[in-house]
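J.: here is the input, now give the coordinates:
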Amino acid sequence: MKSYSKSFLVLCDYLSALVAWAIFYYLRKIYIENTEFQVDNSFYLGIAFLPLAWLLFYALQGTYLDIKRLYRLKIFNLTFISTLFGTLIIFFTLLLNDTVSNYKSFYTSFALLFIVHFTLAFIPRIIFVSFTVKKIHQKSIGFKTLLIGGSEKAVEIYNEIMALPKGEGHNFVGFVNLNGID
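T.: Here you go, the predicted model:
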């Protein structure tokens with residue numbers, strides 16, 4: 001898998017964070033604060049800096065280190081945990097000082113931001129990971145694998161793995177000979 005795949009995942013994460021903040025900001029103004037939606041400096045600051053903050057958070061979490069090793073449950077866990085902590089950070093740094101009519105508005109804002117961001121971040125990520133897993137099963141991409149042993153048993157294991165209908169991600173690059181056995 002080439003580096004453009006990592007770039008594509010980063011682009012998807014950036015766009016989903018940008019769209020999530022825009023949708024959250026709109027819904028918060030209209031339904032929670034019951035005011036007219038106006039594009040102001042806080043909207044533009046959120047659009048400019050929050051997607052970059054989300055990308056930094058994802059990078060610190062290790063999401064982009066080895067994208068071939070992502071699987072569906074892992075991407076769900078990474079997205080859920082990062083969304084939970086990221087939403088908490090955004091809530092306490094940006095939203096807590098807003099004037100609201102009652103404290104329930106804070107809970108609603110937090111839940112709305114979490115749901116919107118998680119949904120918009122998870123959907124492209126799960127599609128990306130599913131595509132990657134499909135490529136691994138089709139044996140288009142894989143992990144460099146070294147088979148230790150050179151005997152008939154090693155060749156048998158190699159042939160058995162290569163004959164599997166679904167690839168397991170092995171891309172054999174060679175054998176290591178043990179004890180002089182070919």
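J.: remind me what the helix ranked longest in the chain packs against, helices and strands.
T.: If you go by DSSP state H, the chain has its longest helix at helix 104-137. The contact analysis (3 or more C-beta pairs under 8 Å, 6 or more residues apart in numbering; DSSP states H and E) places helix 104-137 against helix 3-27, helix 72-90. Just so you know, the C-beta spots here come from the backbone N, C-alpha and C atoms, and that holds for glycine as well.
J.: contacts only, for Phe128.
T.: Counting by C-beta atoms under 8 Å, 6 or more residues apart in numbering, Phe128 makes contact with 5, 8-9, 12.
J.: can I get those residues in JSON lines including distance to Ser82 and neighbour count?
T.: Shown next, in JSON lines, are the contacts of Phe128 (distance: C-beta to C-beta, whole Å; neighbours: other C-beta atoms under 10 Å):
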{"residue": "Ser5", "distance to Ser82": "20", "neighbour count": "16"}
{"residue": "Phe8", "distance to Ser82": "18", "neighbour count": "15"}
{"residue": "Leu9", "distance to Ser82": "13", "neighbour count": "21"}
{"residue": "Cys12", "distance to Ser82": "14", "neighbour count": "17"}
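J.: just for this protein, where's the confidence low?
T.: 1-4, 95-103, 150, 179-182 (pLDDT under 70).
J.: next, the angle from the longest helix of the chain to helix 72-90.
T.: Interaxial angle, helix 104-137 versus helix 72-90 (axes from the mean of the first three to the mean of the last three C-alpha atoms, to 10 degrees): 150 degrees.
J.: now tell me what touches the next helix or strand after helix 104-137 from outside.
T.: Next helix or strand after helix 104-137 toward the C-terminus (DSSP states H and E): strand 143-148. For strand 143-148, contacts defined as C-beta under 8 Å, 6+ apart pick out 68-69, 154, 157-158, 169-176, 178.
J.: having no further points to raise, I will conclude here.
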